[in-house]
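Chemist: Kindly generate the corresponding structure for this input.
(3 chains)
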Amino acid sequence: MFQLTCEDRRSIRDLIDTRRSGYSLPRAFYHDPAVYRAEIEGIWRRGWLFAGQTCQIPEAGDYFTYEIDTDSLIVIRDDEGHVRALHNVCRHRGSRICGEEAGRIGKLVCPYHQWVYGRDGRLLSMRGMHGEIDASRLSLHEAHVRELAGLIYVSLAEEPPDFQPAADCLGPLAASQGFERAKVAKIVDYDVEANWKLVWENNRECYHCSTHHPQYVKANYDHFNEDDTTQAIREEMAESVARSEAKWAAAGLAVTHKQSGMATFPDAEADLWYSANRTVLARGYVSETMDGRQVAPLMGDYPDPDVGTLRMRTVPNFWNHSSCDHGVSTRLTPTGIDRTQVRVIWVVDAGAEEGRDYQLSEIMPFWQLTSEQDWKICENQQRGLTSRAYEPGPLSTYKEYNVDSFLQWYLKRLGEAVEE
Amino acid sequence: MFQLTCEDRRSIRDLIDTRRSGYSLPRAFYHDPAVYRAEIEGIWRRGWLFAGQTCQIPEAGDYFTYEIDTDSLIVIRDDEGHVRALHNVCRHRGSRICGEEAGRIGKLVCPYHQWVYGRDGRLLSMRGMHGEIDASRLSLHEAHVRELAGLIYVSLAEEPPDFQPAADCLGPLAASQGFERAKVAKIVDYDVEANWKLVWENNRECYHCSTHHPQYVKANYDHFNEDDTTQAIREEMAESVARSEAKWAAAGLAVTHKQSGMATFPDAEADLWYSANRTVLARGYVSETMDGRQVAPLMGDYPDPDVGTLRMRTVPNFWNHSSCDHGVSTRLTPTGIDRTQVRVIWVVDAGAEEGRDYQLSEIMPFWQLTSEQDWKICENQQRGLTSRAYEPGPLSTYKEYNVDSFLQWYLKRLGEAVEE
Amino acid sequence: MFQLTCEDRRSIRDLIDTRRSGYSLPRAFYHDPAVYRAEIEGIWRRGWLFAGQTCQIPEAGDYFTYEIDTDSLIVIRDDEGHVRALHNVCRHRGSRICGEEAGRIGKLVCPYHQWVYGRDGRLLSMRGMHGEIDASRLSLHEAHVRELAGLIYVSLAEEPPDFQPAADCLGPLAASQGFERAKVAKIVDYDVEANWKLVWENNRECYHCSTHHPQYVKANYDHFNEDDTTQAIREEMAESVARSEAKWAAAGLAVTHKQSGMATFPDAEADLWYSANRTVLARGYVSETMDGRQVAPLMGDYPDPDVGTLRMRTVPNFWNHSSCDHGVSTRLTPTGIDRTQVRVIWVVDAGAEEGRDYQLSEIMPFWQLTSEQDWKICENQQRGLTSRAYEPGPLSTYKEYNVDSFLQWYLKRLGEAVEE
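Modeler: Have a look, this model is predicted:
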């Protein structure tokens, strides 16, 4: 039932073949329900998905739910302090167990007939059932879960891909940010009327930044490319990099992205679905805030505010920008061929107190504005792409190289999903 | 066009074969649109459906409409006093004739071109048509209809199943309740976001009652089963039964369900899609009301309030609980694989006057609360069942025997529907 | 992808064969999504569609958008004063360019990356792209467009049908009305929950007029047919026609429909998808207004108010009723098998000033009431037609001859669309 038909596979393979390198994708990729099913099966149900941050569930029994495709996971901290991803489905007659989006529970009790499960998913009691039933075979089903220096990843796959390379890559940088000693400042959920790939394509270029993100371009060098990085900018950036390299080494930090423009990501050839780097912010900025000032206590092990900006991303559903004083994670979840649920999570140091140590009105606007500007762009693009008059257009080699990288990664994954 | 494809039939037969006896049904039964089509064709359009009560349409010309699948029926009392089920579709160009849910009409006039039909569906006038048209061939189409001691059943089938066994079974008990001399106290419609089978499965067990229906369990012995009926309860009930048998015989009433727990229903083997019994209420209760007191004048031929409780059910869409002073009918109608329209009808004696003889606030809460608690449970279960992690779980042999009975009946009917 | 499957074509051909001449259409024509796809491909994307009136975009840079199926057109006046229909899809990555329904622009600038197009659709600038890209191949795609004496027609077809016969037929009559020297008084959009064919079938008969359109029947002779045109009406109309013919000749106007009842249209045999005539209004009426009085300055070249009524129609989506002082265009656009977007446009002479020369409250009610009464009828019919109990009924040879004409035209077009 969850298999694509042979015809669907063939038509998707044919569709993949029609893609012209260096151009945007043909219309059906944003319009055809069979493509969406193939993406869900081949990408979203096979890979590792960012679910949230460990600081959302600091204590045993804390949980949040995460809905992916038809499934619902209870991401919960068990009595040993481990994070688990339990399927939110009673083993009796299938009721949802947790109806709330987040909370703290002693035990998991199905609201229908009060079957009781431990925080580790084991069935503890089933009052009213006859004797022959083996409770040990009726634990809640679990999805794979990994903790990565404060980030939580889940996978619905039976055998998910190796997580270690991602952990090795992101781990040290995430650790320096102190996500394990953080707290949630704010979570905002968006329902974006656009295919999830458009949200990524938007994320993978800063060609649109100068017009749409006036606050973002003041803080960063991302939007300058080979064609428009002036000598003055080049020198300014080189100076920042040199100064930072010298200074940060003492704190164990490194500048891992040294040019203007965005770091290349993802990489289909090398199978890199994860990446992380630290780079310098523009002159006068120590945080991605409206005026560049620090607006919350330092996070992690940072010795002073001058730590540039940390960026992490994992396809298909996560990116994070972190400054010295706060971090912002973005999580994508497709809910249809033309709909994506987006969650944005702001975190600060665990010891920071709202009102005293930080104001939401100071830490949120930079990424809230940038995000909302982007969702609007993506929705507008989705509407255009449904037209039969649309045909794939050329991607700028100066500015949209990462859109092409993303599409190559996507097409490789999708192609594997529809292989025979 | 209304035929399922061969592939659909085969896949549903395969699905039926995957069901493990004594377990809840596989996920596709609550999720797959082809299953829904097969149910509509094979169960809902073949069997007898409870439409309403005769007291909803006491006078000639009184009608209510009933929407089933794509069809709309006008259930109307004709000039001879018979109830008819006329298709709500003009024989000219197909307009709906009655736009209202209920009312009284002299003649049925199509709002488009004013074709006029009698209350028996015969075409009386078609102003503006040319001469050759034979009006006698343009009566409104009729569905089969049966009156059963105040209950109205309809069938969309060309050749519906034999109704007589159901009439023989339910008739005498329904007659004693006096449904033909009743009046509607209140009708409430619900849109429940759950498959209709879940509503039945919920109805067929009282395993969930002790937590969800605190008022219901005080009045009844349904929720006590082999595993938890104490000696004290056994004795209390036996005493009630003995006392009632002796007393009721004089009034022609009998105790036909004498144990705790629910009466077995339905019965796939014996093809019993109908059943009715009278049983005792808990000590101190003469009516299914919040405190057990009589709250309206006696109905039917009842000599005094001590008549226990009358229950009737017919699959796929009806159950009724009646007390000495009021009756409550529940009618299910599927509107999608994950949606059920539910109507609950409260009736009292025809002579009772609201405000003087009864208060809605006294006759309604018992079943209104019980119903609304159940719809919420069912919606929660539907959400859980859509998860791919759901797998059928064991049914309690103590408490869910009737869920199994219902599923057996359902699977047999569905299997017949997809036979070649 | 835009091809219907062989199975769809075959089943639609079979369906066409089931239609009984002189009867309304079988249910699937109003219910089956495959029929809708075939209509879109074979009728709506092949023929000429009325888009609007030239007076909606009087100046260079004025535009309005028109959504058809999945496509969006920018209907715009270019710098040479010509009307163009540009696809509202950027040649870069497919964004919608115009988000507004109407406006005036200097250049067309894509909101995503600021690619700039001229009012003729030529790509003028693509800041940030690499050098090798040939801008001359990246003009906005255009749909075919024709101006017809103030009316704008578009076609999504690669090779649309010959427009000249329609221009020859409608042109002279439209010219006399002065649509090129008009202005928009009001535009109202409706979302009608009925298949577009039902809206046409309703438009093609006045059988329903006497009950539903009390104001319309006072002004016109349409609703009188062979069966109910009395001798008095016949004489009154003949007298009007004779008087008008004598008088109008001087102004170059002619009575081209001289009988009661509606002019025959469309004509499948002769392939007439367009028609226009002028006829007399009822005694005492010089305009289709509530009381028959002139309520705005004379339009076009009309020497005095006594010019009867001008009617034009083109299938599949346009009709117009014009009086001496105002014109009303109706444009249909299907948005689903059971949904039609309807736009009604009222125009007056370009020199007329609202408040001084006319009141909306005087020019609008006649057609606003008539339109809204009709949409309600159509929605009611759509609901009835979904019933499986519906079967096609007889069309009155007196009153519904044009419904039959329309259905014949439709079936011929649809048949061609599903030919192999």
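Chemist: How many residues are close by A:Leu298?
Modeler: If you count neighbours by other C-beta atoms under 10 Å in any protein chain shown, A:Leu298 ends up with 18. C-beta coordinates here come from the backbone N, C-alpha and C atoms, glycine included.
Chemist: Quick check: it vs chain C, distance?
Modeler: Distance, A:Leu298 to chain C, using C-beta to the nearest C-beta, to the nearest Å: 37 Å.
Chemist: Isn't that residue up against A:Ser323?
Modeler: No - in this structure A:Leu298 lies outside contact range of A:Ser323 using C-beta atoms under 8 Å: 9.9 Å.
Chemist: that's a strand at A:Ala250, yeah?
Modeler: No - read with DSSP: H, G, I helix; E, B strand; the rest coil, A:Ala250 is helix and lies in no strand.
Chemist: any idea how far A:Tyr410 lies from A:Arg204?
Modeler: A:Tyr410 is 11 Å from A:Arg204, where distance means C-beta to C-beta, to the nearest Å.
Chemist: So which bits of chain A are right by chain B?
Modeler: Within chain A, the positions near chain B by C-beta under 8 Å from any C-beta of the partner chain are A:1-2, A:69-72, A:87-97, A:99, A:111-114, A:128-130, A:133, A:138, A:141.
Chemist: List only buried entries from the residues you listed.
Modeler: A:69-72, A:87-97, A:99, A:111-114, A:128-130, A:133, A:138, A:141 (16 or more other C-beta atoms under 10 Å in any protein chain shown).
Chemist: right, and A:Glu400 touches A:Glu205 too?
Modeler: Yes - using C-beta under 8 Å, A:Glu400 is in contact with A:Glu205, at 4.8 Å.
Chemist: helix/strand/coil for A:Asn320?
Modeler: Of the three states, A:Asn320 takes strand according to three-state DSSP.
Chemist: so it makes contact with A:Arg313?
Modeler: Yes - counting by C-beta under 8 Å, A:Asn320 does reach A:Arg313; the two are 7.4 Å apart.
Chemist: May I have the residues that are in contact with the residue of the stretch 51-200 of chain A found nearest chain C?
Modeler: Relative to chain C, the nearest point of the stretch 51-200 of chain A is A:Leu198 (8.8 Å; C-beta to the nearest C-beta). For A:Leu198, the contacting residues are A:Tyr30, A:Cys378, A:Gln381, A:Gln382, A:Leu385, by C-beta atoms under 8 Å, 6 or more residues apart in numbering or on different chains.
Chemist: For it, pull up the helix or strand it's in.
Modeler: helix A:196-203 (DSSP states H and E).
Chemist: Quick check, central residue of chain A?
Modeler: Computing the C-alpha centroid of chain A and ranking residues by C-alpha atoms, centre = their mean puts A:Phe318 first, at 1.3 Å.
Chemist: tell me the contacts of the closest residue to that residue other than its chain neighbours?
Modeler: Spatially, and ignoring its direct neighbours in sequence, A:Phe318 is nearest to A:Phe50 (3.5 Å; C-beta to C-beta, 6 or more residues apart in numbering or on different chains). Going by C-beta under 8 Å, 6+ apart, A:Phe50 touches A:Leu151, A:Ile152, A:Tyr153, A:Thr314, A:Asn317, A:Phe318, A:Ser329, A:Arg331.
Chemist: Get me the contact residues on chain A for chain C.
Modeler: Proximity of chain A to chain C, by C-beta under 8 Å from any C-beta, involves residues A:24, A:27-28, A:31-32, A:201, A:207-208, A:211, A:225, A:227-228, A:377, A:380-381, A:383-399.
Chemist: Please list only the buried members of these.
Modeler: Buried members of the residues of chain A next to chain C, counted by 16+ other C-beta under 10 Å: A:24, A:27-28, A:31-32, A:201, A:207-208, A:225, A:377, A:380-381, A:383-399.
Chemist: so the closest residue to chain B within the stretch 301-420 of chain A is in which element?
Modeler: Residue nearest to chain B within the stretch 301-420 of chain A: A:Thr335 (13.2 Å; C-beta to the nearest C-beta). Using DSSP H and E, A:Thr335 sits in strand A:327-336.
Chemist: what's the helix or strand just after that strand packed up against?
Modeler: Using DSSP H and E, the helix or strand that directly follows strand A:327-336 along the chain is strand A:339-349. Judged by 3 or more C-beta pairs under 8 Å, 6 or more residues apart in numbering or on different chains; DSSP states H and E, strand A:339-349 is in contact with strand A:49-53, strand A:182-192, helix A:196-203, strand A:327-336, helix A:360-363, helix A:365-385.
Chemist: what residues are up against the residue of the stretch 251-400 of chain A found nearest chain C?
Modeler: Taking C-beta to the nearest C-beta, chain C has its nearest neighbour within the stretch 251-400 of chain A at A:Ala389, 3.6 Å off. Counting by C-beta under 8 Å, 6+ apart, A:Ala389 makes contact with C:Asp71, C:His87, C:Val89, C:His141.
Chemist: which regions of chain A lie under the pLDDT threshold?
Modeler: Filtered on pLDDT under 70, chain A yields the residue ranges A:1-2.
Chemist: List phi and psi for A:Arg234.
Modeler: In terms of degrees, to the nearest 10, the main-chain angles of A:Arg234 are phi -60, psi -50.
Chemist: Now it. Nearest residue, chain neighbours left out?
Modeler: Excluding the flanking residues, the one nearest A:Arg234 by C-beta to C-beta, 6+ apart is A:Ser260, at 7.4 Å.
Chemist: Could you verify that the one you found is part of a strand?
Modeler: No - counting by three-state DSSP, A:Ser260 is not found in a strand; it is coil.
Chemist: Backbone torsions only: list them for the residue of the stretch 1-150 of chain A found nearest chain C.
Modeler: Scanning the stretch 1-150 of chain A for proximity to chain C using C-beta to the nearest C-beta identifies A:Ser24 as nearest, at 4.7 Å. Main-chain torsions, A:Ser24, degrees, to the nearest 10: phi -70, psi 170.
Chemist: residue contacts, it?
Modeler: Each residue near A:Ser24 by C-beta under 8 Å, 6+ apart is listed here: A:Glu201, A:Pro392, A:Gly393, A:Leu395, A:Val403, A:Leu407, C:His92, C:Arg93, C:Gly94.
Chemist: chain center to stretch A:90-104, what's the gap?
Modeler: Relative to its parent chain, stretch A:90-104 has a centroid offset of 25 Å by C-alpha atoms, centre = their mean, to the nearest Å.
Chemist: could you dump that stretch to CSV, C-alpha only?
Modeler: Taking Å, rounded to 0.1, in the frame of the first residue of the first chain, the C-alpha atoms of stretch A:90-104 are listed here in CSV:
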residue,chain,number,x,y,z
CYS,A,90,-2.0,2.8,21.6
ARG,A,91,-1.2,-0.9,21.0
HIS,A,92,-4.8,-1.8,22.0
ARG,A,93,-7.1,-0.2,19.5
GLY,A,94,-4.9,2.6,18.0
SER,A,95,-6.0,5.7,19.8
ARG,A,96,-3.8,8.7,20.0
ILE,A,97,-2.3,8.8,23.5
CYS,A,98,-1.1,12.4,23.7
GLY,A,99,-3.5,14.9,22.4
GLU,A,100,-1.4,17.9,23.5
GLU,A,101,1.5,19.3,21.6
ALA,A,102,3.8,19.3,24.6
GLY,A,103,3.7,18.7,28.3
ARG,A,104,5.0,16.6,31.1
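Chemist: Out of the contacts of A:Ala389, which sit inside strands?
Modeler: Among those, the members falling in strands (DSSP state E) are C:Asp71, C:His87.
Chemist: Out of the contacts of A:Ala389, which comes closest to chain B?
Modeler: Checking these against chain B by C-beta to the nearest C-beta gives C:Asp71 as the nearest, at 29.1 Å.
Chemist: Now the residue of chain A most remote from its centre. Its backbone dihedrals?
Modeler: Taking C-alpha atoms, centre = their mean, the residue of chain A most remote from its mean C-alpha position is A:Gly131, at 45.7 Å. A:Gly131 adopts backbone torsions of phi -70, psi -30, taken as degrees, to the nearest 10.
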